[in-house]
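**Q** here is a sequence with its predicted model. Questions after.
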Amino acid sequence: MKLNEISDVEGATHARKRVGRGIGSGSGKTGGRGVKGQKSRGGVAINGFEGGQMPIYRRLPKRGFTNIFTTDFNVVSLGRIQTAIDAGKLDAKVSIDALALKAAGVIRRLKDGVRVLADGELKAKINLDVAGASKSAVEKIEKAGGSIKVQPAKADKAAE
């Protein structure tokens with residue numbers, strides 16, 4: 001066998017279809033696109049166009065707005081904190097803040113602050129340093145012998 005005798009298997013390669021090269025080629029005139037005008041051209045995007053009918057994005061009402069100054073808190077329950085303490089991921093003796101909760105895997109990422117809710121039971125005496133807490137959460141923490149320091153949330157997002 002010689003190098004010049006090597007070839008692909010019959011039917012493995014196809015010749016490129018040359019469109020728009022005359023009526024006798026079978027794909028002339030419209031070049032396989034089937035239409036004239038805008039749709040026959042390249043780079044055309046007619047998204048949302050409904051043939052002159054009022055498009056759906058204009059038929060539906062627009063309501064409300066998104067407040068760019070809103071604060072997005074990590075919500076943590078007391079039961080979740082107690083579970084982390086029981087598992088040895090959090091140390092009840094030191095002050096627990098957002099960074100400690102993130103390191104323990106209680107919250108996934110830091111947002112504008114941590115807000116503590118009273119869901120679940122708290123047995124450990126803890127010192128919390130958070131952005132907010134419900135009244136019943138504060139009562140449960142103080143009943144367990146702990147303390148809570150509520151700090152204001154981060155400054156508004158627009159200033160960042």
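**A** Done, it's in.

**Q** can you pull the pLDDT of the residue positioned nearest the centre of the chain?
**A** In the chain, the C-alpha nearest the mean C-alpha coordinate belongs to residue 109, at 12.6 Å (C-alpha atoms, centre = their mean). Residue 109 carries a pLDDT value of 94.

**Q** how far away is the residue lying closest to residue 111 once chain neighbours are set aside from residue 18?
**A** Ranked by C-beta to C-beta, 6 or more residues apart in numbering and with sequence neighbours excluded, the top spatial neighbour of residue 111 is residue 72, at 4.7 Å. Every C-beta, even on glycine, is put in place using the N, C-alpha and C of the backbone. In this structure, residue 72 and residue 18 are 57 Å apart, going by C-beta to C-beta, to the nearest Å.

**Q** same question for residue 138.
**A** To residue 18, residue 138 is 78 Å away according to C-beta to C-beta.

**Q** so for these two, which residue has more residues nearby?
**A** Shown here are residue 138 and residue 18; by other C-beta atoms under 10 Å, residue 138 has more neighbours (17 against 11).

**Q** how about the contacts made by residue 29?
**A** Neighbour list for residue 29: 20, 23 [criterion: C-beta atoms under 8 Å, 6 or more residues apart in numbering].

**Q** next one: residue 106
**A** Residues counted as contacts of residue 106 (C-beta under 8 Å, 6+ apart) are 76, 80-81, 84, 89-90.

**Q** farthest-apart pair in those residues, please.
**A** Using C-beta to C-beta, these span at most 13.0 Å, a distance reached by 76 and 89.

**Q** looking at those two, which is more packed in?
**A** Neighbours per residue (other C-beta under 10 Å) separate residue 76 from residue 89, with residue 76 holding more: 23 against 15.

**Q** isn't the more buried one up against residue 115?
**A** Yes: using C-beta atoms under 8 Å, residue 76 makes contact with residue 115 at a distance of 7.3 Å.
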